[in-house]
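Undergrad: Below is the structure, and that's it, no one-letter string:
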DNA sequence: AGTTGGCACTCTCCCGTTGAGAGTGCTGAA
DNA sequence: TTCAGCACTCTCAACGGGAGAGTGCCAACT
């Protein structure tokens, strides 16, 4: 595409993302192209419309980017916007003051993304393919009640109260925990399953069964934590003035099942993904764009952090800030060993 | 108030909560009081308006309950609506299938409340006045990196990674953990603080410092978990058709700080609390009613579960279902020992 | 070739008007 | 105390006209 056409498309996107009003040839001329006449710009706009990058709400209105227009913009025209120092500081502050546990951190990351991008945000907790055991602990609560604590790779803590058929003292439990640590440390659920098969009936087998259950839950179910935040930011945008639009989006966000699927697609995929309007498989997100990136404390443990907003979104700013928060959260997780 | 006036007020509330349309004398006559003429009802309505219980959106519209009208209704006229069996079953299912940890359960409870009341819900995690230590565990991650695990009363698990100045083997840590368990078991942060003062410089003092930090965070910060869900349900209501109304509510819900204050008021207060419209201190909740109840695994550990919706809410149904979920969640927490 | 000013055309949006409908308060009679 | 009748008020939807914004096209210019 010729340079001038690109410049005009870029100008239309920029103008429309800030003003939310269809942009006409005159506005472009006076604000971006003082050396060109509005008639020239009009003919370029007409060609961009023919190419499918722009459209008009009605015959005599200004131009609005189509989904393809936004796509062309993010693929070829977008330059990451530098982040102001006070926004950088804000991100650092929020993440530094975050709670020390995984869930708290994920929520804080989502909150921060929502705040600095002024859109809604989503986040899923980092998770590895298979959960390995780092440490087992057994605590006696009552004679026949044991608290099973599992420390998994990535320092994920899992707990479960187990009602045992036979009583056991804390001393017995401590010995048993030491044994389990020796046999299961660094291993995953398949190893635990093998030990379970071989174990004679009794307390150890009972507890091994629970260990397996917890690991399974942690693998299958740990799609688990998916949070979202900043929905109120969307309400500031005119595209959500009538609430039915928001209703569909909320359905997707609150029905975390959808999100889980969406987010899982990204893991293993490229590092940054932008899904624009009709590219969304979920019909509730028509008119919305989703910007996603991965993050996590290690290369193996990956979660997804993302922004949900109208397709008329300040992509260059959103991407830059999202990635900044993702980097910050990753560092913080590595640091906390969480 | 005379019986007939009460009956008419009740009818207006009932009709308006279901139809969302101001209710006129004719509608009341045909649907509730076939033996009275609409003129008689009109004069009663006029008197109820004089008493401040009803109002009119404009001169020639039907009547709408005022905040005082709703207040009179919930205080004197409301009868708890029986819960259909399939709703009961739904509640049980959702709670039974809930994850085994505290946070998961709180979220699930909020989700269930939102689903069965068709409004937005809020929940804060049960918490006691002072966190007591039940068990301490130390896990060696690296030579100079220790994972500190604290099991608190109510089976709350807290973790923190500690970078120590001196290296320690797992065996040393295990011995130290046993010592800490002995001295701190069943005690709260003040006891830990005393030990910290007396301890000689070294690994133990370092770790005790962290124990105190975690306990403090757990007490002060554990206003912590406040979740909300079901905002999309509000969008079904005509009072939120224009999104500015929702914006204010979302501000309150997402700015968990407000909520924390609101919810904390209830703890120690009566078991059920209904705050209607202008009774709300937070201006963002004008036009909204909040129904709150306490819940928790034990008498000492109390959290708050609540419903947020328009003042035009089916109070008798909401209260019944909210309390059912609160009972269910309490039972489930006690059962899981979470 | 590409660019430009001029011009007719189209469509939205705002605003005032109008008529139908709903619901009220009041009054006089049962 | 209740009730039928009636005039009155106010909203809401539909309609129409005028202003404004922006377009496409065309002929002329560089």
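TA: Yep, it's here. Please read all numbers here as calculations on a predicted model, not as lab measurements.
Undergrad: For the rest of this, base every contact and every neighbour count on C-alpha atoms.
TA: Will do.
Undergrad: count of residues packed around the closest residue to DNA strand D within the stretch 101-250 of chain A?
TA: DNA strand D sits closest to residue A:242 of the stretch 101-250 of chain A, with a gap of 15.5 Å, by CA to the nearest atom of the strand. Neighbourhood size, residue A:242 [other CA atoms under 10 Å in any protein chain shown]: 15.
Undergrad: and it, backbone torsions?
TA: Backbone torsions of residue A:242, given as degrees, to the nearest 10, read phi -90, psi 130.
Undergrad: so what's it up against?
TA: Each residue near residue A:242 by CA atoms under 8 Å, 6 or more residues apart in numbering or on different chains is listed here: B:241-243.
Undergrad: surely residue A:63 meets residue A:56?
TA: Yes: with contact defined as CA atoms under 8 Å, residue A:63 counts as touching residue A:56 (5.0 Å).
Undergrad: Just give me the residues shared between the contact sets of those two.
TA: Common neighbours of residue A:63 and residue A:56 (CA under 8 Å, 6+ apart) are residue A:22.
Undergrad: now the helices: where do they sit in the stretch 1-150 of chain A?
TA: Remark: helices assigned in the stretch 1-150 of chain A by DSSP state H, counting those that start in this stretch are A:3-19, A:25-31, A:38-50, A:67-72, A:85-96, A:102-117.
Undergrad: need the longest strand for chain A.
TA: strand A:133-142 (DSSP state E).
Undergrad: is chain B contacted by it?
TA: Yes: interface with chain B: strand A:133-142 contributes A:135, A:137, A:139 (CA under 8 Å from any CA of the partner chain).
Undergrad: and chain A, which of its residues are near DNA strand D?
TA: With CA under 7 Å from any atom of the strand as the criterion, chain A meets DNA strand D at residues A:22-27, A:39, A:42-43, A:45-46, A:59-63.
Undergrad: For the residues you listed, pick the one with the most neighbours.
TA: Busiest of the residues of chain A next to DNA strand D [other CA under 10 Å] is residue A:63, holding 26 neighbours.
Undergrad: Contacts only, for that one.
TA: Contacts of residue A:63 (CA under 8 Å, 6+ apart): A:12, A:22-24, A:45, A:54-57.
Undergrad: what's the nearest residue to the residue nearest in space to the middle of chain A if we skip its chain neighbours?
TA: What sits nearest the mean C-alpha location of chain A, by CA atoms, centre = their mean, is residue A:305, with 2.4 Å. Once flanking residues are discounted, residue A:305 sits nearest to residue A:123: 4.4 Å by CA to CA, 6 or more residues apart in numbering or on different chains.
Undergrad: Isn't the one you found up against residue A:303?
TA: Yes: Residue A:123 sits in contact with residue A:303 when judged by CA under 8 Å, with a separation of 7.4 Å.
Undergrad: ok, those two, which is more surrounded?
TA: Shown here are residue A:123 and residue A:303; by other CA under 10 Å, residue A:123 has more neighbours (29 against 25).
Undergrad: What's opposite that one in the beta bridge?
TA: residue A:227, residue A:305 (DSSP bridges).
Undergrad: now the end-to-end length of stretch A:66-76.
TA: End-to-end distance for stretch A:66-76: 15 Å, by CA to CA, to the nearest Å.
Undergrad: next one: stretch A:190-210
TA: 13 Å.
Undergrad: Is that stretch positioned near chain B?
TA: No: Stretch A:190-210 stays clear of chain B (CA under 8 Å from any CA), getting no nearer than 12.3 Å.
Undergrad: From the rest of the structure, what touches that stretch?
TA: A:148, A:162, A:164-166, A:176, A:184, A:211-212.
Undergrad: Columns pLDDT and secondary structure on top of those, output as TSV?
TA: Formatted as TSV, the contacts of stretch A:190-210 follow (pLDDT from 0 to 100; DSSP: H, G, I helix; E, B strand; the rest coil):
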residue	pLDDT	secondary structure
A:148	87	strand
A:162	83	strand
A:164	87	coil
A:165	88	coil
A:166	86	coil
A:176	88	helix
A:184	85	helix
A:211	86	helix
A:212	85	helix
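Undergrad: so which of those would you say is closest to chain B?
TA: Nearest to chain B among the contacts of stretch A:190-210 is residue A:162, at 8.7 Å by CA to the nearest CA.
Undergrad: Neighbouring strands of the longest strand of chain A in the sheet, and parallel or not?
TA: strand A:145-152 (antiparallel).
Undergrad: before we move on, back to that, for the residue of the stretch 101-250 of chain A closest to DNA strand D, which residues count as its bridge partners?
TA: Beta-bridge partners, per DSSP bridges, of residue A:242: residue B:242.
Undergrad: In the stretch 151-300 of chain A, what residue lies closest to DNA strand C?
TA: Closest point on the stretch 151-300 of chain A to DNA strand C, by CA to the nearest atom of the strand, is residue A:238, at 12.1 Å.
Undergrad: Return the residues in contact with that residue.
TA: Listed by CA under 8 Å, 6+ apart, the contact partners of residue A:238 are residue A:20.
Undergrad: pLDDT wise, what is it at?
TA: The pLDDT attached to residue A:238 in the predicted structure is 91.
Undergrad: same deal with residue A:221?
TA: 49.
Undergrad: burial count for residue A:193?
TA: If you count neighbours by other CA under 10 Å, residue A:193 ends up with 16.
Undergrad: ok, now the one 5 residues further on?
TA: Summarising burial for residue A:198: neighbours were counted as other CA under 10 Å, giving 9.
Undergrad: Buried ones from the contacts of stretch A:190-210, can you make that a ChimeraX selection?
TA: Applying 16 or more other CA atoms under 10 Å in any protein chain shown to these, the buried members can be selected in ChimeraX as follows:
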select /A:148,162,164,176,184,211,212
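Undergrad: In a markdown table: the contacts of stretch A:190-210, plus distance to residue B:95.
TA: A markdown table is the format used below for these (distance: CA to CA, whole Å):
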| residue | distance to residue B:95 |
| --- | --- |
| A:148 | 21 |
| A:162 | 18 |
| A:164 | 23 |
| A:165 | 25 |
| A:166 | 28 |
| A:176 | 32 |
| A:184 | 32 |
| A:211 | 22 |
| A:212 | 22 |
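Undergrad: Residue A:35: what's it in contact with?
TA: By CA under 8 Å, 6+ apart, the contact set of residue A:35 is residue A:29.
Undergrad: now swap in residue A:159 and tell me
TA: So residue A:159 contacts A:147-150, B:100-101, B:157 (CA under 8 Å, 6+ apart).
Undergrad: Flag every residue of the stretch 51-200 of chain A that's near chain B.
TA: A:100-101, A:135, A:137, A:139, A:157, A:159-161.
Undergrad: Who wins on neighbours among these?
TA: Busiest of those [other CA under 10 Å] is residue A:135, holding 24 neighbours.
Undergrad: Leaving out chain neighbours, which residue sits closest to residue A:29?
TA: Residue A:29 sits nearest to residue A:38 (CA to CA, 6+ apart), 5.7 Å away.
Undergrad: right, and that neighbour touches residue A:26 too?
TA: Yes: assessed by CA under 8 Å, residue A:38 is found in contact with residue A:26 at 5.5 Å.
Undergrad: which stretch of helix or strand covers residue A:187?
TA: Using DSSP states H and E, no element contains residue A:187; it sits outside every helix and strand.
Undergrad: show me the contacts for the residue nearest to the centre of chain A.
TA: So residue A:305 contacts A:109-110, A:121-124, A:292-295, A:322, A:326 (CA under 8 Å, 6+ apart).
Undergrad: do the same with residue A:56
TA: Counting by CA under 8 Å, 6+ apart, residue A:56 has contacts A:22, A:62-64.
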